[in-house]
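*Asks:* need a 3D model of the sequence below.
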Amino acid sequence: MNSFAGRRGALLAAAAVLLGGLLLPSRVYSADALNVELVGHSDLQGRASLQVVLKGEYAYIGHHRGEAFNPLTGKREDNGTTIVDVASPRTPRILTHIPGRRGAESRAVQVAEGLLPGRDFLLRNQEAREFTGFEVWEITDRTWPRLTATIGPFTAAHKSWWDRATGTAYLSASQPGWSGQHLVIYDLSDPTRPRFLANWGLPEQRPGAPTGRGVSLHHPVVSGNRAYLSYLFGGDVVVLDITDRAAPRMVSHLRIPSSPGIHTTVPFTIPPAPPIAGGAQGRTVLALSEEAFASDCRESRRQLYVLDATQETAPVLLADFLIPDGDFCTRGGRFGPHQFAETRDGGLIGGTLLYVAYFNAGLRVVDLADPHRPREVGYYIPSSSAGKPAPGGAVPQTNDVDLDYRGLIYTTDRSGGGLHILRHTGRR
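*Replies:* Reported below is the predicted structural model:
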């Protein structure tokens, strides 16, 4: 009898511990920062957010699929694209939310101002059952956007780059017959009349090619007459000569065998150190980012790479970089790099600092002044209460980052934690 009572007591105690663990709230982490300070915040109506683009006094945010209540219209709306007035960065103000199509992914956004006199336009992706492609919206009046054109349909429509200098849109999409996402080029110099220019893909992606490695373009980054293509599935990086936009020509093709896939590639010009008399231009390096996918570190560690591309036909790996694990693998959600800032006020970012969205590790600032030895010089991790429940608990999932003309930093959150406006204090 006493033995039975003892076993019963032990079972009840174990059940209480288990039940208590299920009922107790997840651990709450306070915001943490080094050399980065919070300036302002918008909740973005709690919508899961990805790409953020800054242009002048406005931030443009693309959202993952879902829906939320919009107080401006009094309606629940499918997640689409939000325009935020950031003229006063301490008090950002949502001007409008452009709903997506039913169930659509609206993650990507690009903006071009003045391609037509006095008129501004926005380009976004839509991946929905009713339509997969891209939409062009006139946003001259930011409070009253109107749809002016569509591009597609495609079998996939992911991200894009809209080159203001030529009006050309470089799309990551997939045409019927092609394997995986490839480069689709459109003339959008008149955004109301899209004009197809070219398809470009790796040989194994082209119609009629034997089934290959399953490569798929994530998105392009354009600098002058060069396009830098990153393949999230395949681990490839391609440099294209786009002098003739209707007939791109491959300059170099690099595959990193150890990489599961490259998410982002951006060129930087690194000044010589110490400075060389006579105005030497320095070296061209490519910064590359992988993307962390699995929650709780259930995958190989994702990282950043730095390549010397001064001789662009033969880029050379200089360094890789990742931050220490700390306790991030136990906080829940994804831990690792995703996307770093590509632009500042719509132009290629320049400088020597990488501003990296690192999921539950927040924003990380990495100095590439010595490209052989990348060095972290700042970070900002939002409070865990900023995000919605994710696998493992309520955690921030810093998803994308961009800079404005003032050098302020804007980050979005995949788990609904909103838009954080930050300032790097400059201390290294």
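*Asks:* quick one, strands of the stretch 1-150 of the chain?
*Replies:* 32-34, 36-42, 49-55, 58-63, 67-70, 75-78, 81-85, 93-98, 109-116, 119-127, 132-138, 146-151 (DSSP state E, counting those that start in this stretch).
*Asks:* among these, which is the most enclosed?
*Replies:* Most buried of the strands of the stretch 1-150 of the chain by mean neighbour count (mean count of other Cβ atoms under 10 Å) is strand 58-63; its value is a mean of 26. Placement of C-beta: from N, CA and C, glycine included.
*Asks:* can you list the residues that contact that strand?
*Replies:* 44, 47-54, 79-86, 92, 95, 100, 106-109, 111, 122, 124-125, 142, 402, 404, 410, 412, 419 (Cβ atoms under 8 Å, 6 or more residues apart in numbering).
*Asks:* 7 Å instead?
*Replies:* 44, 47-53, 79-86, 106-109, 111, 122, 124, 142, 410, 412, 419 (Cβ atoms under 7 Å, 6 or more residues apart in numbering).
*Asks:* the closest residue to Arg255 other than its chain neighbours: neighbour count?
*Replies:* Nearest residue to Arg255 in three dimensions, chain neighbours excluded: Asp236, at 5.1 Å (Cβ to Cβ, 6 or more residues apart in numbering). Applying other Cβ atoms under 10 Å, we find 22 residues neighbouring Asp236.
*Asks:* how close does Asp236 get to Ser216?
*Replies:* Asp236 sits 10 Å away from Ser216, going by Cβ to Cβ, to the nearest Å.
*Asks:* for Gly234, same thing?
*Replies:* On the measure of Cβ to Cβ, Gly234 and Ser216 end up 7 Å apart.
*Asks:* next: Val52.
*Replies:* To Ser216, Val52 is 23 Å away according to Cβ to Cβ.
*Asks:* returning to what we had before: now the strands of the stretch 1-150 of the chain in CSV, with distance to Ser384 and mean pLDDT?
*Replies:* Formatted as CSV, those follow (distance: least, Cβ to Cβ, whole Å; pLDDT from 0 to 100):
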stretch, distance to Ser384, mean pLDDT
strand 32-34, 10, 97
strand 36-42, 15, 98
strand 49-55, 17, 98
strand 58-63, 21, 98
strand 67-70, 20, 98
strand 75-78, 26, 98
strand 81-85, 23, 98
strand 93-98, 24, 98
strand 109-116, 27, 97
strand 119-127, 30, 98
strand 132-138, 35, 98
strand 146-151, 38, 98
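*Asks:* surely the residue nearest to Arg255 and Val215 touch.
*Replies:* Yes - under the criterion of Cβ atoms under 7 Å, Asp236 makes contact with Val215 at 6.0 Å.
*Asks:* need the pLDDT of the nearest residue to Glu57 once chain neighbours are set aside.
*Replies:* Counting by Cβ to Cβ, 6+ apart, Glu57 lies nearest to Ala87, which is 4.3 Å off, once chain neighbours are set aside. Looking at Ala87, its pLDDT reads 98.
*Asks:* quick one: Ala87 and Gly56 touch, right?
*Replies:* No - Ala87 is beyond contact range of Gly56, at 8.8 Å (criterion: Cβ under 7 Å).
*Asks:* Phe154 is in what secondary structure piece?
*Replies:* For Phe154, there is no host helix or strand (DSSP states H and E).
*Asks:* give the bridge partners for the spatially closest residue to it that is not a sequence neighbour, please.
*Replies:* Leaving aside its sequence neighbours, Phe154 sits nearest to Ala173 (Cβ to Cβ, 6+ apart; 4.3 Å). Under DSSP bridges, the beta-bridge partners of Ala173 are Ala157, His182.
*Asks:* circling back to that earlier point, Ala87 and Gly56: which has the busier surroundings?
*Replies:* Neighbours were tallied for Ala87 and for Gly56 using other Cβ under 10 Å; the higher tally belongs to Gly56 (14 against 10).
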